[in-house]
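> Quick one: sequence plus predicted model below, questions after.
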Amino acid sequence: MLTFLSIAIPILILFLVAKPFGNYLASIFDYESGTASKSDKLFLPFERMVYRLSGLHTRSQTWREYALALLATNTLMIVVIYIIFRFQGIMPLNPEEVGSMEASLAFNTAISFMTNTNLQHYSGESSLSYLSQMIAILFMMFAAPASALAICMSFIRGITGKSLGNYFVDLIRGITRILLPISIVFGLAFVALGVPQTLGGPVEVETIQGSVQEVALGPVGSFLSIKELGNNGGGYFGVNSAHPFENPSGFSNMLQVILMFLVTASLPLAYGKMAGNSKQGWVLYIAMWLMFAVLSLVAVSGEYSGNPLMEPLGVAESQPNMEGKEVRFTPAESAMYAVTTTATETGAVNNMHDSLTPLSGLVTLSNMMLNTIFGGIGAGFMNVIMYAMIAVFITGLMIGRTPEFLGKKIESNEMKIISIVMLLHPLLILGFSALALSTEAGSSAISNEGFHGISQIVYEYSSSAANNGSGFEGLGDDTLFWNITTAIVMFIGRFLPLIAMLAVANALLNKKEVPVSTGTFRTDEPIFGGLFIMSTVVVGALTFFPTLVIGPIAEWVTLYL
């Protein structure tokens with residue numbers, strides 16, 4: 001019963017807060033409609049001071065100006081953070097005297113956190129100084145999701161017939177009105193639950209065996225709240241949210257699940273509000289929850305199907321799979337966390353995904369390959385709309401009409417861009433996986449031979465391309481090959497789709513609205529939700545199914561049949 005409640009309560013809370021929070025998002029970012037937000041009175045004076053001090057203009061930008069601002073600011077931040085990592089050994093706030101980071105690892109880490117991926121080829125508490133954790137990592141945990149949220153809201157404004165807005169206004173509003181205040185509240189809540197928040201160095205404690213152990217501490221509470229809220233996922237400690245200082249109890253685990261979903265699950269309803277038709281958002285919202293529910297059931301059942309590898313050791317096959325899990329979390333809570341963190345592209349883990357049963361591993365891989373079941377903050381919803389447009393296009397072909405989305409015709413130019421974006425994701429995952437499997441530099445990192453080894457490699461590139469950041473941590477990925485190739489995948493997988501979809505929004509913005517007629521295929525009805533799910537599953541299955549067959553599916557067959 002307690003296990004059921006630990007899963008049901010966060011989902012119920014999310015259903016209750018999604019609509020009001022979605023309305024709040026819409027009020028903040030719908031400024032191009034001329035409607036003032038109630039939050040202006042509190043936040044606008046401070047934001048105006050930031051604009052004046054920084055010299056930033058607030059006029060509406062073209063899509064090229066918006067994209068250039070995104071790329072320029074993010075690239076500059078990558079360079080600055082790279083320098084901090086390279087010289088952290090001689091900088092202050094380093095009580096553990098951590099040395100400077102190796103060049104390829106610093107390159108990978110800077111790109112990883114600026115792309116909202118948080119792929120960690122290092123062990124957190126032993127590889128970064130307090131200064132790097134707070135000035136570099138924590139800073140990017142705000143800047144990266146705010147950047148993606150900014151371009152997502154610009155995209156929504158474009159497809160709903162409003163001007164694209166200003167990148168710097170969107171970036172600052174995302175931080176000051178959403179990420180920062182919520183992070184402060186939940187940061188204090190996590191500290192109250194036992195999460196450390198200190199600048200003091202590690203402490204020595206006597207264990208129950210009588211030996212002395214050094215226990216790492218640090219400013220973990222402030223780190224943890226934005227890690228989950230911003231769909232960042234990088235852990236302060238090497239084992240992430242499996243560490244008792246980063247996830248002390250079942251209650252803190254529930255709070256983390258809520259934070260992972262909060263923004264990304266509210267975006268469909270914010271979209272419906274900004275489109276002037278709330279049904280548009282509800283259709284997509286319910287469709288995504290249905291897909292999430294099915295995959296969650298598969299994952300949970302997989303972890304309760306037993307582990308045949310434990311039977312020779314005297315453990316009954318019917319016992320739940322507890323390998324790689326914390327005893328303070330049940331297998332169901334661990335499986336749900338794994339599904340949530342990959343569905344929202346957060347990447348945090350409270351168990352080791354390398355130890356998941358093949359069915360659960362299949363679910364986590366599928367979430368990242370599809371990248372449309374909520375997805376990461378901002379970027380995920382743009383993928384959702386991309387698949388919605390694909391569903392409209394396919395339907396238009398079947399009924400012999402030019403596809404229309406929100407009253408605008410989707411023609412060949414838009415579909416060419418969408419097709420490139422749709423193909424880019426599998427090309428990055430499958431192309432680099434093939435490269436790794438065919439070279440000694442890549443395949444030597446595999447820790448498990450056979451089908452599971454294939455899954456380890458495919459998971460790493462799926463996580464990089466989807467900007468997720470979790471991993472089958474049996475992979476020995478802190479090498480020059482893996483640091484460089486995953487950095488390339490993360491950078492391309494992040495920025496090219498965002499800019500391409502912004503170009504699609506701009507194209508639709510400049511088209512005349514088509515009057516609704518009896519032949520118009522409506523996208524605010526349940527039948528469209530079904531078509532959206534079918535398009536997502538069919539396109540994803542056709543693209544990735546052969547790879548899944550030789551990975552987790554083949555592993556499941558060999559273990560259980």
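Great, that's in hand.
> Please state the offset of the longest helix seen in the chain from the chain centre?
In terms of residue count, the longest helix belonging to the chain (DSSP state H) is helix 480-509. Chain-centre distance of helix 480-509: 14 Å, with C-alpha atoms, centre = their mean, to the nearest Å.
> What's the first helix or strand after that helix?
helix 526-548 (DSSP states H and E).
> quick one on the thing from earlier: please name every helix or strand in contact with the longest helix of the chain.
The contact analysis (3 or more C-beta pairs under 8 Å, 6 or more residues apart in numbering; DSSP states H and E) places helix 480-509 against helix 63-86, helix 103-114, helix 138-159, helix 379-399, helix 412-438, helix 440-443, helix 451-465. Backbone N, C-alpha and C define where each C-beta goes, glycine included.
> The closest residue in space to Thr160 that isn't next to it in sequence and Ile156, how far apart?
Nearest-residue entry for Thr160: Ala275, 4.6 Å, with adjacent residues in sequence omitted and distances by C-beta to C-beta, 6 or more residues apart in numbering. Separation of Ala275 from Ile156 (C-beta to C-beta, to the nearest Å): 8 Å.
> In terms of neighbours, single out the busier of these two.
Ile156 (28 against 20; other C-beta atoms under 10 Å).
> give the contact list for the more buried one.
29, 270-271, 274-275, 505 (C-beta atoms under 8 Å, 6 or more residues apart in numbering).
> Buried subset of the residues you listed, written for PyMOL?
To isolate the buried ones among the contacts of Ile156 in PyMOL, judged by 16 or more other C-beta atoms under 10 Å, type:
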select buried, resi 29+270+271+274+275+505
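> So which of the contacts of Ile156 sit within strands?
Using DSSP state E, no member of these sits in strands.
> and the residue lying farthest from the centre of the chain, helix, strand or coil?
What lies farthest from the middle of the chain is Gly210; by C-alpha atoms, centre = their mean that is 42.2 Å. Taking DSSP: H, G, I helix; E, B strand; the rest coil as the rule, one finds Gly210 in the coil state.
> returning to what we had before: shared neighbours of Ala275 and Ile156, which are they?
The contact sets of Ala275 and Ile156 do not overlap (C-beta under 8 Å, 6+ apart).
> wouldn't Arg59 be in contact with Asn166 here?
Yes - here Arg59 reaches Asn166: they are 6.5 Å apart, a contact under C-beta atoms under 8 Å.
> Please say which of the two ends up with more neighbours.
Counted by other C-beta under 10 Å, Arg59 and Asn166 do not tie: Asn166 has more neighbours, with 24 against 9.
> Got phi/psi on the spatially most central residue of the chain?
Centroid check for the chain by C-alpha atoms, centre = their mean gives Glu345 as the closest residue, at 2.3 Å. The phi/psi pair for Glu345 (degrees, to the nearest 10) reads phi 50, psi 40.
> can you check Thr558 too?
According to degrees, to the nearest 10, Thr558 has phi -70, psi -30.
> That one: neighbour count?
13.
> Name all residues that make contact with it.
Thr558 neighbours (C-beta under 8 Å, 6+ apart): 450-451.
> which stretches of the stretch 101-250 of the chain aren't confidently modelled?
124 (pLDDT under 70).
> I figured Val300 hits Tyr337, correct?
No - if you go by C-beta under 8 Å, Val300 and Tyr337 don't touch, sitting 10.9 Å apart.
> ok so, going back, now for the helices and strands packed on helix 480-509, which one comes closest to Lys38?
Between Lys38 and these, the tightest spacing by C-beta to C-beta is seen for helix 138-159, at 17.3 Å.
> chain center to the closest one, what's the gap?
In terms of C-alpha atoms, centre = their mean, the centre of helix 138-159 is found 13 Å from the chain centre.
> Check which element follows that helix along the chain.
Assignment by DSSP H and E places the next element after helix 138-159 at helix 167-174.
> what sits up against that next one?
28-29, 31, 43, 47, 50-51, 56-58, 61, 65-66, 69-70, 73, 143, 145-147, 149-151, 153-154.
> What values do phi and psi take at Tyr236?
Dihedral angles (degrees, to the nearest 10) for Tyr236: phi -70, psi -40.
> Kindly report the same for Gln197.
Dihedral angles for Gln197 - degrees, to the nearest 10 - are phi -150, psi 90.
> what's the neighbour count on it?
Around Gln197 there are 16 residues (other C-beta under 10 Å).
> Ser225 is in contact with that one, correct?
No - in this structure Gln197 lies outside contact range of Ser225 using C-beta under 8 Å: 10.5 Å.
> between those two, what contacts are shared?
Shared contacts of Gln197 and Ser225, defined by C-beta under 8 Å, 6+ apart, comprise Gly187.
> Show me where this structure dips below the pLDDT cut-off.
In the chain, residues with pLDDT under 70: 1, 124, 306-318.
> Return the residues in contact with the residue nearest to Ser37 when sequence neighbours are not counted.
Nearest residue to Ser37, sequence neighbours excluded (C-beta to C-beta, 6+ apart): Ser27, at 4.3 Å. Counting by C-beta under 8 Å, 6+ apart, Ser27 touches 35, 37-39.
> Among these, which pair sits farthest apart?
Pairwise over the contacts of Ser27, using C-beta to C-beta, the maximum falls at Thr35 and Ser39, 12.1 Å.
> If you count surrounding residues, which of the two has more?
Ser39 (16 against 9).
> Neighbours of the nearest residue to that one once chain neighbours are set aside, how many?
Nearest non-adjacent residue to Ser39, counting by C-beta to C-beta, 6+ apart: Arg177, 5.5 Å away. By other C-beta under 10 Å, 22 other residues sit near Arg177.
> quick one: contacts for Arg177?
Arg177 sits in contact with 28, 39, 43, where contact means C-beta under 8 Å, 6+ apart.
> Quickly note the distance from it to Phe15.
Relative to Phe15, and taking C-beta to C-beta, Arg177 is found at 23 Å.
> and Gly99, how many neighbours?
Neighbour count of Gly99, defined by other C-beta under 10 Å: 11.
> what secondary structure does it sit in?
Following three-state DSSP, we place Gly99 in the coil state.
> Was I right to think it contacts Met91?
No - the criterion here is C-beta under 8 Å, and Gly99 misses it with Met91 at 11.3 Å.
> sorry, back to before: spit out the contact partners of the residue nearest to Thr160.
156, 159-160, 281, 406.
> again with Phe374
261, 264-265, 288, 292, 343-344, 380-381, 384.
> Try it again at 7 Å.
261, 264-265, 288, 343-344, 380 (C-beta atoms under 7 Å, 6 or more residues apart in numbering).
> Check the contacts of Ala275 for burial and list the buried ones.
Applying 16+ other C-beta under 10 Å to these flags 156, 159-160, 281, 406 as buried.
> now those in CSV, with distance to Gly476?
Converted to CSV, the buried ones among the contacts of Ala275 look like this (distance: C-beta to C-beta, whole Å):
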residue, distance to Gly476
Ile156, 41
Ile159, 44
Thr160, 47
Gly281, 44
Leu406, 48
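> Not counting residues beside it along the chain, what's closest to Gln120?
Gly234 (5.6 Å).
> Now Gln213: which helix or strand?
strand 212-215.
> Packing partners of that strand?
strand 203-206 (3 or more C-beta pairs under 7 Å, 6 or more residues apart in numbering; DSSP states H and E).
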